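Peer 1: after the sequence you'll find the predicted model.
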Amino acid sequence: MLERMFKLTERETSVKQEVIGGLTTFMTMSYIIFVNPSIMADTGMDKGALITITCLSAAIGSLIAAFWANAPLGLSVLDLVNTFMKVNNVKIPYELVERRAGDVATCYANSEKALKELNWKTEKNLEDMCRDSWKWQSNNPEGY
């Protein structure tokens, strides 16, 4: 059943590898369980309730990603900002605020179609993308 649902052989992986990857992702992303309630508590909301809803929404989102979208990777906006600052050794001023009207709450991407139809697959990771985009922008401060 797991093989059919997640195409493990086709993706050259195993249940053990996916469990290890899932636990690693969970441990990496679990900081949000503490960070999000601390930030939101400043608005006067109950911190205990915020921890509960953060855990529930993270669990539901993870289950949706795993079983419906079959998405193998989880990243937050803060992951992107922190990675960008780390690999480029720059400071980006930011503030954590409510999502704006019209902002997408969650977005999933899957490059399998590109592999099947174009024989193209991703080679870079998040650090590579952040480093390359900053290098390009630094070399082209006025744009093209």
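Peer 2: Received, thanks.
Peer 1: where in the chain is pLDDT low?
Peer 2: Low-confidence segments of the chain (pLDDT under 70): 2, 6, 28, 62-75, 105-110, 144.
Peer 1: and it, split by domain according to the record?
Peer 2: When the chain is parsed with automatic domain parsing, its domains come out as 1-72, 75-144.
Peer 1: highest mean neighbour count out of those domains?
Peer 2: Among these, ranked by average contacts under mean count of other CB atoms under 10 Å, first place goes to domain 1-72 (a mean of 13). Backbone N, C-alpha and C define where each C-beta goes, glycine included.
Peer 1: ok, longest helix in this structure?
Peer 2: The residue-count maximum for a helix in the chain (DSSP state H) belongs to helix 47-63.
Peer 1: what's next to it, contact-wise?
Peer 2: 26, 29, 32, 33, 34, 36, 37, 38, 40, 41, 74, 106 (CB atoms under 8 Å, 6 or more residues apart in numbering).
Peer 1: give me the next element, helix or strand, following it.
Peer 2: Going down the chain from helix 47-63, the next helix or strand is helix 77-88, by DSSP states H and E.
Peer 1: against which helices or strands is that following helix packed?
Peer 2: Under the contact criterion of 3 or more CB pairs under 8 Å, 6 or more residues apart in numbering; DSSP states H and E, helix 77-88 touches helix 126-139.
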